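1. Model the structure of this input:
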Amino acid sequence: MKGQTAIDKEVSLSREKDVEEPLRRAAFLMVLINAFSTPMMLSAVNVALPGIARSLNIDAVLLSWVPMVYLMASAMFVLAFGRLADLYGRKRVFLLGTVCVIFSSVLAALANSGVMLIGARFLQGVSAAMLYATQIAIVTSVFPPQRRGRAIGMTVSMVYLGLTFGPAAGGFLVEHFGWRASFLLHLPLSIVVLSIAYLRVGVDWKGDADAAFDVTGALCYGLMIVCLCVGAAGLPQGYAFVALAVGIVCLLLFVRHSRRAAHPLLDIRLFFSNRVFSHSSLASCIMYTATFATVVLVGLYLQFLKGMSPAHAGLFMMIQPLTMALLSPLFGRLSDTVEPRLIASLGMSSAGIGLLVLASLDSADSTGWLAVGLLLIGLGFSLFSSPNTNAIMSSVERRHFGTASALVATMRVLGQMNSMILVALMFALVIGQVELVPEHYDALQRAISYCFAIAALLCLPGIYFSAVRGTIHDQ
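-> Numbers count the residues shown, from 1 in each chain. Below you'll find the model as predicted:
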């Protein structure tokens with residue numbers, strides 16, 4: 001074709017023939033490193049929250065926004081970046097995200113107020129959205145279907161390894177260098193990713209590159225996320241109901257527009273015509289809603305209610321993600337031959353039981369029961385995550401890989417955001433806008449228990465959607 005650039009030619013070739021093994025390994029390696037380093041930073045920051053609260057003198061409600069604004073920003077932009085990755089190249093968006101994560105992390109480390117930190121965290125979330133939208137799409141692009149489940153399982157395992165080492169590394173850094181160091185933990189690995197990409201990965205991958213970007217859909221979707229997040233977290237204040245109403249209107253407009261647009265940001269028709277896709281996506285959102293805040297709540301429980309140091313709390317918090325990291329590749333590979341709905345439904349059930357165990361704890365209980373709950377959640381998530389992702393990616397055509405990968409990430413960050421909204425809401429209702437000092441520890445304990453109890457109940461509809469989604473291996 002006339003005017004086709006070198007990289008466009010490489011893109012075309014990468015779609016038309018099998019990816020060569022050296023290129024596959026290099027592309028997979030850069031994804032694995034980022035899949036490890038970004039969650040490592042995220043979980044390290046969660047351990048730093050008590051130190052941030054003390055250093056910047058911020059109350060419990062504002063503190064909950066430090067992780068939540070990151071997730072809100074990721075949820076706002078991940079679908080848009082998934083579509084842009086299909087249009088302009090998945091590696092290109094992936095690398096831009098890596099550069100922006102470095103920049104925003106330095107800004108967060110330099111923050112001298114709660115507002116400045118939350119602003120930097122918003123930029124971090126936007127940057128991370130570029131990575132979330134492209135990681136699974138790149139993996140799916142370079143691996144054939146018969147190897148895809150195992151590759152996705154390894155990618156998910158690296159996420160959990162990052163979540164495993166983040167609390168321990170973050171606890172050590174916070175204890176010896178202060179909370180600011182937790183934001184810089186991943187920077188050396190991000191630089192390695194850029195080096196691999198520029199030196200070893202000379203091609204890019206696109207989807208339906210001739211389609212236009214859906215600006216109207218992106219605006220409706222982004223405004224919907226902001227309004228729903230601010231509204232849900234602000235209940236029962238008056239402005240919260242207004243924000244929720246605007247968010248619901250934006251949701252309806254987004255669905256209406258997406259069903260009529262020629263090239264929508266999200267092909268809503270996939271939800272109505274593809275039950276595996278829709279039910280797997282809903283199950284994913286529910287699972288993350290139920291479980292994501294566990295690491296935040298357990299960190300607060302151990303440091304405020306049990307009096308552990310950040311380093312010791314970080315080591316204890318490794319139980320859940322370490323379990324997930326060890327078992328996720330096994331269950332991801334298993335989903336290449338066994339129906340994902342069977343494996344994932346069992347995982348959702350295990351996570352629900354673990355959450356019930358955590359909901360029953362108080363500050364006087366042994367940490368042994370806490371370990372049991374974390375093990376059950378870790379087992380449940382490793383059973384659920386890789387098979388569920390494999391089901392989503394295997395249920396769509398190759399040209400939709402970028403959008404499907406972005407939707408996987410969207411369901412994840414929406415669930416994570418919902419989880420933190422639940423925490424913010426419980427903190428506002430039970431604790432209020434007060435500093436977390438000993439006279440408020442009883443209220444903190446109640447808020448934590450309420451969060452875990454509600455999360456356990458959420459697993460029930462998750463089990464339903466997971467179990468009735470349909471099959472992929474006979475398609």
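2. Hmm, residue 51 and residue 300 touching each other?
-> No. With contact defined as Cβ atoms under 8 Å, residue 300 does not reach residue 51; the gap is 11.9 Å. From N, CA and C alone the C-beta is placed, and that goes for glycine too.
3. which of the two has more neighbours?
-> Remark: of residue 300 and residue 51, residue 300 carries more neighbours, 24 against 19, as counted by other Cβ atoms under 10 Å.
4. and the more buried one, how far is that from residue 45?
-> As for residue 300, its distance to residue 45 is 13 Å (criterion: Cβ to Cβ, to the nearest Å).
5. now residue 56
-> Computed with Cβ to Cβ, the distance linking residue 56 and residue 45 is 13 Å.
6. Point out where this structure drops to low pLDDT.
-> Judged by pLDDT under 70, the chain has its weakly predicted residues at 1-19, 204, 206-210, 398-403, 405-406, 434, 436, 470-475.
7. Show me it divided up by domain.
-> 16-198+265-467, 214-264 (automatic domain parsing).
8. could you dump those domains to a markdown table with distance to residue 205?
-> A markdown table is the format used below for those (distance: least, Cβ to Cβ, whole Å):
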| stretch | distance to residue 205 |
| --- | --- |
| domain 16-198+265-467 | 4 |
| domain 214-264 | 18 |
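9. which of those domains is buried the deepest?
-> Of all the domains of the chain, domain 16-198+265-467 has the most neighbours on average by mean count of other Cβ atoms under 10 Å, namely a mean of 22.
10. Strands along the stretch 51-200 of the chain, start to end?
-> Taking DSSP state E, counting those that start in this stretch as the criterion, the stretch 51-200 of the chain carries no strands.
11. Okay, helices next: where are they in it?
-> For the stretch 51-200 of the chain, helices defined by DSSP state H, counting those that start in this stretch occupy the ranges 60-88, 90-109, 114-142, 145-177, 187-200.
12. Can you add distance to residue 442 and give those helices back as JSON lines?
-> Output for the helices of the stretch 51-200 of the chain, formatted as JSON lines (distance: least, Cβ to Cβ, whole Å):
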{"stretch": "helix 60-88", "distance to residue 442": "14"}
{"stretch": "helix 90-109", "distance to residue 442": "32"}
{"stretch": "helix 114-142", "distance to residue 442": "25"}
{"stretch": "helix 145-177", "distance to residue 442": "25"}
{"stretch": "helix 187-200", "distance to residue 442": "40"}
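13. Pull the contacting residues for the residue lying closest to residue 24 once chain neighbours are set aside.
-> If you skip the residues right next to it in sequence, residue 24 has residue 142 as its closest partner in space, 4.6 Å away by Cβ to Cβ, 6 or more residues apart in numbering. Contact partners of residue 142, counting by Cβ atoms under 8 Å, 6 or more residues apart in numbering, are 19, 23, 24, 27, 28, 205.
14. Tell me how far residue 142 lies from residue 27.
-> Counting by Cβ to Cβ - residue 142 and residue 27 are separated by 5 Å.
15. same deal with residue 394?
-> Applying Cβ to Cβ, the value for residue 394 to residue 27 is 20 Å.
16. for residue 242, same thing?
-> Applying Cβ to Cβ, one obtains 46 Å for the distance of residue 242 from residue 27.
17. what does residue 108 give?
-> With distances defined as Cβ to Cβ, the gap from residue 108 to residue 27 amounts to 29 Å.
18. What of residue 135?
-> The value you get for residue 135 to residue 27, if Cβ to Cβ is used, is 11 Å.
19. ok, now residue 425?
-> Applying Cβ to Cβ, the value for residue 425 to residue 27 is 41 Å.
20. cool, residue 194 as well?
-> Distance, residue 194 to residue 27, by Cβ to Cβ: 14 Å.
21. Could you find the closest non-adjacent residue to residue 125?
-> Distances taken as Cβ to Cβ, 6+ apart put residue 73 closest to residue 125, at 2.8 Å, once the chain neighbours are dropped.
22. Thank you kindly, that will do.
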